Each structure stands twice: as structure tokens, then as C-alpha cells.
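Undergrad: Predicted coordinates and the sequence they were generated for:
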Amino acid sequence: MSTAAFPAQYSLQTRLLVAMSVLLTIFLGLTGVVLDRAFRSSVEAGVAEQLRAQIYVLLSAVEQDNGQFYFLQDLREPRFTQLNSGLYGLVSNSEIGEVLRTPSALEIDYVDFVTLWQDVNRGDFYFSRAFANDGNEYFVAAYGVVWESGAATYDFVVIESTGTYLAELSNFRTSLWSWLGGVAVLLLVLQVLLMRWGLSPLRRLAVDLKLIESGEHEQLQESYPKELQAVTQNLNLLIQSERKQMTRYRETLGDLAHSLKTPLAVVAGAMQNLTARFSTKNESDAAEQINTVTEQLDRMNQIVSYQLQRAVKSNGSSSLARRVNVAESVEKILRALEKVYASKHMAVTKQLDTQLVFLGDERDLMEVLGNILDNAFKYGGSVLSITTNVTATPVPQLNIIVDDNGPGISDQHQEFVLQRGARVDTLAKGQGIGLAVVADIMNSYGGQVNVTTNDSGGARVELVFSNFHRELEN
């Protein structure tokens, strides 16, 4: 069966449970039908034997004298003597009709049944169920007898109401289906428990994959049944291959960028010397060409620097995330920047939640925080604050907010500064790619970077992540 017939998200346990429930219903239903038929046949056979015994009772109690039949003694079956007791006896002949009946059958019209046994021969036993004209159902048993005084065949007939039989059958069916229903419920419960136990390795596999995704585990555990070992081993190989490929990719890009930076720096220095020489000789055309080449070299430096920083950035959507403590990463960067910008005597205020953990590559978080805090130290005044918190709406998010008391960024430039190569302050040293790298990394993690103005007029940069976790305190 094609999986297209099932919803996009369906449960193996539900499918198995539905299939087993249908199979169990069919099996128990057929079992009930078979047992019902067997019980009904058994009861009818028992009734036939009982009526045969009642016929023998009639035979032992009947006598004939001068063609007249009569009872020699009281019938040993009390119901034969009670009117409308449900058990009736008749003696008849195909030529002369009824010759004798028990007191219980005084109001029974045997004409309703006579056609059933009129062809019974001597020594033959007949048994069946039949409906009378009044709509009631009866068991009918007949036995052909040739009386010793002649050759005529007399039919000894016993008729019994099916009321007792139907009541017994109804009680059996009620008991049967009650027990089968109880057994079905018990089997379904046991089936669910056994199925949950049988599928527990799959649930454990899903939990282990989640732990790998969150960075708590490096690979899948080995304690899986042999049916899943091929899957888990291949998944572990895939995870290792992805990590190796990611490392090789970063190293290759880093080597390429570093190898290009040296010759570019040499060429740039040579171009500066040529520019100085030609400028002193007033050779404007050559100087203009050299300036053009210098601009292109600066552009190439920007590209190399940007790609170098990208080389150390992992794919934020990777399932092989690490757990990085946000507060510790902030402290590392602040200690380094306070040494670099020691002359500014920056007052730093921190409100850091030490339990917040970033789920991703540590280098990505360090790159983002390093660019944002470096800009705050570089362009800010004398006060800087950094805050981490979690907002619950619309979804849980990690917010890292950096404020400074510098000149700030105007509203028309707040989106512009996130573009690659964009710079508002053209006098300060830089290439204008830091915030572009930040935006690129944030996009790779599905996060956001918002540049606004704070209450003091300085710049506020807010980083919003959804891939985070709050660790429980020990």
C-alpha cells in the first residue's frame, strides 16, 4: 500500500493498533458465531434426545383395547398431565387421525403439525422445529410404531414449546458476547502495552536524535536492537561525515582567505608607493589609474575579509548544535575589548542570566557578540550595557540587548548599516562588513537583529534567537 494513502504525519503505533483491532474484531466475531452455532446444535441435539425419551414414556403408558387407546397408569412426566404445560403428547394414525392425547394437549390443534410426521415409517424417528398457526414455535418429535394387535402404523408424537430453549440460548449468547467483549478489551490493553514496549527503541532513537540536535550528545548510543543497528550505525557515520565536511570546508576557506590576504597586502603597499611617486610628478593619468587599482584592491580585501569571517561560521540550521553558555561568552569578549579600548574607560553594566544556553556553534555566537560589542566600544561614549532575557510571547525567544550612549544611528540608516559594505561613519577605520556578517549569521539561525535608538539617544542593537535552552540550577 502506498504511503500516500496516509496523512503526512501518522503513527506507526496507531496503524498497528488499528490493524490489530480489526483483526481481533474479525477473529473474535467469527469465534462467537462458531461457538453460538455449536451451542445451538448441541442444545437441539439434547432436546431431540429428551423428546425421544418422552416418546418412550408415552409408549410405556399406553394400552389398546378393542381398537381404543388409553393410558394404563399415570404418566411419569408431570407436564403431560398439566394443561398447556408446554409439553404435549399425541397418538395418531394416518387413516383414522388422532386416537389419544395427553391432558396437557387438550387445547392443542395437532392439525397444524400432522403433515410433518405423516410419512414416518415404523421404527423411524423424526425431529424438527415448526411454527403453529398461532405463531408460536415448537419442537416436534415423532416415532412410528406398529401395534402388536395389527399391521397399522401409529405415530407417537411429542411436541414441546421452544420457550425454554430460546431462553437458554439467549442467556448463553449474552454470556458469550460479554466474555468475548471483555477478552477483546483485555487483549487490546495488552496489545497497547506490548506495542509500546516493542516500539520503545524507536522512541529512544527519537530522544537520542533530539539530544544530538540540542548538543548534549555527540552520536547515537549503541544499545539498540539488531533491527535498528544498521540505521543507527549509518546515522552515526552520516553525523561524523557532516562534521568532517564542515571542518574541512571551514579550513579550506580559511586557508584560501589567508593565502590571498598576504599577496593583496603586498600589492596594496606597492600601489601606495607608486601613487606617491606619480603624484609628486603630476602625472595625473597614471595616478588616476593607480587609484582605480587601489580601490579595486580595497574591494578585494573587503571580500576576502568577509569570506574569511564566513569560513568560521557554521550552518546555523545544522542539527549538530553545541551548547554555549551566553554569559560566559559575553564575559570573554568584554575582557578582551576592555583591554583594547582601555583608554576610553568604558563603564560596562551587565545583566546576564547565567543559565541561558545558546544551541549552536560557539564561534558563531562569539562572532556576533564580538562585532556588536566592538562597535559599541568603538562608537559609543562612556557607558555600555548588555542585558540577556527571555520573552515568552509569541514564542519563547532569547534576547541579547546592547546599549551605548554614543551618537546613535539615525532612523534612515538603521537598515542600511546591516548591508554589506555599508558605513555611516566613513572617517573611522573599517570595511563595513561587521554588521553584515552579524545579519548573515542571525539569518542562518532563523534569528533577527534589530537596530534602534535607546532612551539616551545612543544605539541599541537587539539580537533575537529561538535556538536556546535554560539550564536548571544545581
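TA: It's in.
Undergrad: Touching, Arg460 and Gly406? I think so.
TA: No - the pair Arg460 and Gly406 fails to qualify as a contact (Cβ atoms under 8 Å) at a distance of 10.8 Å. C-beta coordinates here come from the backbone N, C-alpha and C atoms, glycine included.
Undergrad: all helices of this protein, in order?
TA: For the chain, applying DSSP state H gives helices covering 12-61, 114-117, 163-214, 226-280, 284-311, 326-340, 362-379, 434-444.
Undergrad: would JSON lines of the ones you listed with mean pLDDT be doable?
TA: Listed next are these as JSON lines, based on pLDDT from 0 to 100:
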{"stretch": "helix 12-61", "mean pLDDT": "86"}
{"stretch": "helix 114-117", "mean pLDDT": "67"}
{"stretch": "helix 163-214", "mean pLDDT": "85"}
{"stretch": "helix 226-280", "mean pLDDT": "71"}
{"stretch": "helix 284-311", "mean pLDDT": "63"}
{"stretch": "helix 326-340", "mean pLDDT": "87"}
{"stretch": "helix 362-379", "mean pLDDT": "85"}
{"stretch": "helix 434-444", "mean pLDDT": "78"}
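Undergrad: Please convert those to TSV, extending it with distance to Leu83 and mean neighbour count.
TA: Listed next are these as TSV, based on distance: least, Cβ to Cβ, whole Å; neighbours: other Cβ atoms under 10 Å:
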stretch	distance to Leu83	mean neighbour count
helix 12-61	17	14
helix 114-117	21	17
helix 163-214	16	13
helix 226-280	75	13
helix 284-311	109	15
helix 326-340	100	15
helix 362-379	102	21
helix 434-444	99	21
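Undergrad: In CSV, list those along with distance to Tyr143.
TA: Formatted as CSV, those follow (distance: least, Cβ to Cβ, whole Å):
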stretch, distance to Tyr143
helix 12-61, 5
helix 114-117, 9
helix 163-214, 20
helix 226-280, 68
helix 284-311, 106
helix 326-340, 101
helix 362-379, 101
helix 434-444, 98
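Undergrad: Trp147: which of these is closest?
TA: Evaluated with Cβ to Cβ, the helices of the chain place helix 12-61 nearest to Trp147, the distance being 10.3 Å.
Undergrad: Now do the closest one and helix 163-214, the angle between them.
TA: 170 degrees (axes from the mean of the first three to the mean of the last three Cα atoms, to 10 degrees).
Undergrad: other SSEs contacting helix 12-61?
TA: strand 87-93, strand 125-131, strand 137-146, strand 153-161, helix 163-214 (3 or more Cβ pairs under 8 Å, 6 or more residues apart in numbering; DSSP states H and E).
Undergrad: again, only using 7 Å
TA: If you count contacts as 3 or more Cβ pairs under 7 Å, 6 or more residues apart in numbering; DSSP states H and E, helix 12-61 packs onto strand 125-131, strand 137-146, strand 153-161, helix 163-214.
Undergrad: Would you mind measuring from Val326 to Thr25?
TA: Look at Val326 and Thr25: by Cβ to Cβ, to the nearest Å, they are 56 Å apart.
Undergrad: now do Asn234
TA: Where Thr25 is concerned, Asn234 sits at a distance of 39 Å (Cβ to Cβ).
Undergrad: List the contacts of Gln54.
TA: Glu77, Leu87, Val158 (Cβ atoms under 7 Å, 6 or more residues apart in numbering).
Undergrad: ranking those residues by neighbours, who comes first?
TA: Val158 (27 neighbours; other Cβ atoms under 10 Å).
Undergrad: Now do the same contact list for Leu24.
TA: Ala184, Leu187, Leu188.
Undergrad: okay, Gly432: pLDDT?
TA: In this model, Gly432 is scored at 49, pLDDT.
Undergrad: Find the nearest non-adjacent residue to Phe358, please.
TA: Val324 (4.4 Å; Cβ to Cβ, 6 or more residues apart in numbering).
Undergrad: sorry, back to before: tabulate the helices and strands packed on helix 12-61 in JSON lines, adding columns for distance to Val33.
TA: Formatted as JSON lines, the helices and strands packed on helix 12-61 follow (distance: least, Cβ to Cβ, whole Å):
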{"stretch": "strand 125-131", "distance to Val33": "20"}
{"stretch": "strand 137-146", "distance to Val33": "22"}
{"stretch": "strand 153-161", "distance to Val33": "26"}
{"stretch": "helix 163-214", "distance to Val33": "10"}
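Undergrad: among those, which is nearest Tyr70?
TA: The nearest among these, by Cβ to Cβ, is strand 153-161 at 13.5 Å.
Undergrad: which strands and helices sit next to the closest one?
TA: Under the contact rule (3+ Cβ pairs under 7 Å, 6+ apart), strand 153-161 is packed against helix 12-61, strand 87-93, strand 137-146.
Undergrad: Give the buried residues for the second one.
TA: I take that to be strand 87-93. When neighbours are counted by 16 or more other Cβ atoms under 10 Å, the buried residues of strand 87-93 are found to be Leu87, Tyr88, Gly89, Leu90, Val91, Ser92.
Undergrad: wait, what's in contact with the closest residue to the first one other than its chain neighbours?
TA: Closest residue to Leu87 in three dimensions, ignoring its sequence neighbours and counting by Cβ to Cβ, 6+ apart: Arg79, at 4.0 Å. Neighbour list for Arg79: Ser85, Gly86, Leu87, Ser104 [criterion: Cβ under 7 Å, 6+ apart].
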